[in-house]
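Asker: Build the 3D model from these lines:
(one chain, ligands or ions: 1)
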Amino acid sequence: MHIFFIMRFLPLLLALTVVAAPAAAQQDPTFDWPALQQEGAQLLSQYLQVNSTNPPGNEILAARWLKEVLGREGIEGQILDTAELGPGRANFYARLRGTGKRRALALVHHMDVVPATRAQWTVDPFAGEIRDGYVWGRGALDMKGHGIVQLLALIAIKRAGIVLDRDIVFIGNADEESAGTGAITFVSRHPDLLADVEYLLTEGADTRVEHGTVRWFGIDVGEKRPYWTRIVAEGRTSHGSVPIGDQNPVPRLARAIARVAAWQTPVRLTPAVERFFIAMAKDQTGVGRRWLADPRAALKSPAGRAWLLSEPERNALLRNTISPTVLNGSNKTNTIPERASADLDIRLLPDQDPVAFRRELTRVIGDSLIRLEEIAPITPRYDAPLDTELFKAIVRVAGELLPGVPVATPVSPGASDRPTYAQAGIICYGLDPYLVPIEESRYEVHGNDERLSIPNVGWGVRFYTRLLQEAGH
Ligand SMILES: [Zn+2]
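Answerer: The predicted structure follows:
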């Protein structure tokens, strides 16, 4: 059925290519959006049938499928890093050549998906079922749907005979849902393929759709960095029946935790968060609207500052945060332990220098006998500028497709492959190229009955195709 569909539509799209004269196509190419939407839904259905559940991943199946789809369009793809990533695993790479006048733009998605439990789904999560106007399956939102939209925009540009000033690089990575070894391997092994890449687009910010209204279009420009730290107190193990004061590490640790928890870390408004708050102000009322519309002024007023910090999500965007979580001490009531420790879930603002933060944390603890241990290496810094040509191009296209809707720049609390690519000197942005109601994205991403509506597939293809034209010249 899918093959039949593609065969039906290919001649139509090829015919369009022939009709559009190359010169006119530069200005005003005629894309058949309804046909692209249908084709996108069919491609997504096929892609969702490629089971790339991680673990184990099996992304090589996805890479082969992508290679075949692009091969039909005369775009040669490469299946990479199979030996390094292990059995069944791979990264995928392809490039649509432009004139080379400007540096390349990379479209990146991850090919793996998180596991799905069949019994909890209405449909088979790996059947790619199209039903009730949706394409259903694990990965529809996170993030095979996004990958298909990128793929089809690239194909649409190629078919229309449009030659951009930038090469468009298309990458599918393995293992984003686990350790991120796909992107890490790609960046370390293929600096030659990334050398001319200026910008990168991948998953990220939610565009907020609530009660049928698009509240803002999101461009994700940074991530808070987990800086997980263990604080450790050493003492002398002995019997609990004979207290030994501060040689018992437990009360010493408890005092340190109390000081850390009471620490009011400095409040700082980054440009991205400022823009995010201003975009949110639009549909607020009363005092909230006033403070969000001018967060800089709000932070100077005690009332404004208190209001901004009163909500945990906003508070977390304005400062480095620390949550003490895991506690370890003795495992026996009558034994004073040799060592007691607490894990701190620390999240740093994207531009925070970790060394300076650690110095401050040590000062706040104020106990030279408490040691700080790194639980995991800190992720690379990722915060992208707001004044680049690509950023402006995204704002223009969002304005064209969503007139009057503000563009917000949330800082993501979650993690993605962006820091890995940012480390290679590439300016990365995250976005979601569709208008998914908040109720759907909140419960279906990594949840059950994940699905993407067919109109959203069409919206995404249109968004990306327009963006490639805007950013590519
Ligand atoms: Zn994802």
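
Asker: quick one: pLDDT of residue 300?
Answerer: Looking at residue 300, its pLDDT stands at 97.

Asker: Tell me how many other residues crowd the nearest residue to residue 237 once chain neighbours are set aside.
Answerer: Excluding its sequence neighbours, the residue lying closest to residue 237 (Cβ to Cβ, 6 or more residues apart in numbering) is residue 338, at 4.2 Å. In short, each C-beta sits where N, CA and C put it, glycine included. Using other Cβ atoms under 10 Å, residue 338 has 14 other residues around it.

Asker: Was I right to think residue 338 contacts residue 233?
Answerer: No. Residue 338 lies out of contact with residue 233 (Cβ atoms under 8 Å); the separation is 9.9 Å.

Asker: anything in contact with each of those two?
Answerer: Contact with both residue 338 and residue 233 is made by residues residue 249, according to Cβ atoms under 8 Å, 6 or more residues apart in numbering.

Asker: Spell out which parts of the stretch 51-200 of the chain neighbour the ion.
Answerer: 142-143 (Cβ under 5 Å from the ion).

Asker: Contact partners for the residue nearest to residue 237?
Answerer: The contact partners of residue 338, by Cβ under 8 Å, 6+ apart, come to 234-237, 249.

Asker: quick one: which of those residues has the most company?
Answerer: residue 249 (24 neighbours).

Asker: and residue 283, what pLDDT?
Answerer: pLDDT recorded at residue 283 is 78.

Asker: Name the SS class of it, please.
Answerer: Secondary structure, DSSP: H, G, I helix; E, B strand; the rest coil: residue 283 is coil.

Asker: Count the neighbours of it for me.
Answerer: Per other Cβ under 10 Å, the neighbour tally for residue 283 reads 14.

Asker: isn't it right next to residue 215, touching?
Answerer: Yes. Look at residue 283 against residue 215 with Cβ under 8 Å: they come within range, at 5.9 Å.

Asker: what's the overlap in contacts for the two?
Answerer: Common neighbours of residue 283 and residue 215 (Cβ under 8 Å, 6+ apart) do not exist.

Asker: I'd like the distance between residue 380 and residue 419.
Answerer: Using Cβ to Cβ, to the nearest Å, one gets 4 Å for the distance from residue 380 to residue 419.

Asker: contacting residues for residue 298?
Answerer: 290-292, 304-305, 307-308.

Asker: correction: residue 73
Answerer: 155, 158-159 are the contacts of residue 73 under Cβ under 8 Å, 6+ apart.

Asker: can we see that at 7 Å?
Answerer: Contacts for residue 73 were tallied using Cβ atoms under 7 Å, 6 or more residues apart in numbering; they are 155, 158.

Asker: just residue 381 next, same as before
Answerer: Contacts here follow Cβ under 7 Å, 6+ apart; on that basis residue 381 touches 225, 350.

Asker: same check, this time on residue 167
Answerer: By Cβ under 7 Å, 6+ apart, residue 167 lies in contact with 95-98, 100, 104, 196.

Asker: now the residue nearest to it when sequence neighbours are not counted: how far from residue 147?
Answerer: Distance criterion Cβ to Cβ, 6+ apart; nearest residue to residue 167, sequence neighbours excluded, is residue 104 at 4.1 Å. In this view, residue 104 and residue 147 are 18 Å apart by Cβ to Cβ.

Asker: How about residue 34?
Answerer: Distance of residue 34 to residue 147, given as Cβ to Cβ: 21 Å.

Asker: ok, the two, which is more surrounded?
Answerer: More neighbours surround residue 147 than the other of residue 34 and residue 147, with 27 against 9 (other Cβ under 10 Å).

Asker: Name the residues that touch the helix or strand hosting the more buried one?
Answerer: Applying DSSP states H and E as the criterion places residue 147 in helix 144-159. Applying Cβ under 7 Å, 6+ apart, the contact partners of helix 144-159 are 13-14, 17, 31, 36, 39-40, 43-44, 47-48, 69, 73, 75, 96, 107, 109, 113, 164, 168, 170, 172, 203, 432-433, 452, 457, 460-461, 464-465, 468.

Asker: In CSV, list the C-alpha atoms belonging to it.
Answerer: Extracted C-alpha coordinates of helix 144-159, given in CSV (Å, rounded to 0.1, in the frame of the first residue of the first chain):
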residue,chain,number,x,y,z
LYS,A,144,10.9,10.4,13.9
GLY,A,145,8.1,12.8,12.9
HIS,A,146,10.6,15.6,13.0
GLY,A,147,13.2,13.6,11.1
ILE,A,148,10.6,12.9,8.3
VAL,A,149,9.7,16.6,8.1
GLN,A,150,13.4,17.5,7.7
LEU,A,151,13.8,14.7,5.2
LEU,A,152,10.8,15.7,3.0
ALA,A,153,11.7,19.4,3.1
LEU,A,154,15.2,18.5,1.8
ILE,A,155,13.6,16.3,-0.9
ALA,A,156,11.1,19.0,-1.8
ILE,A,157,13.9,21.6,-2.3
LYS,A,158,15.8,19.1,-4.5
ARG,A,159,12.8,18.2,-6.6
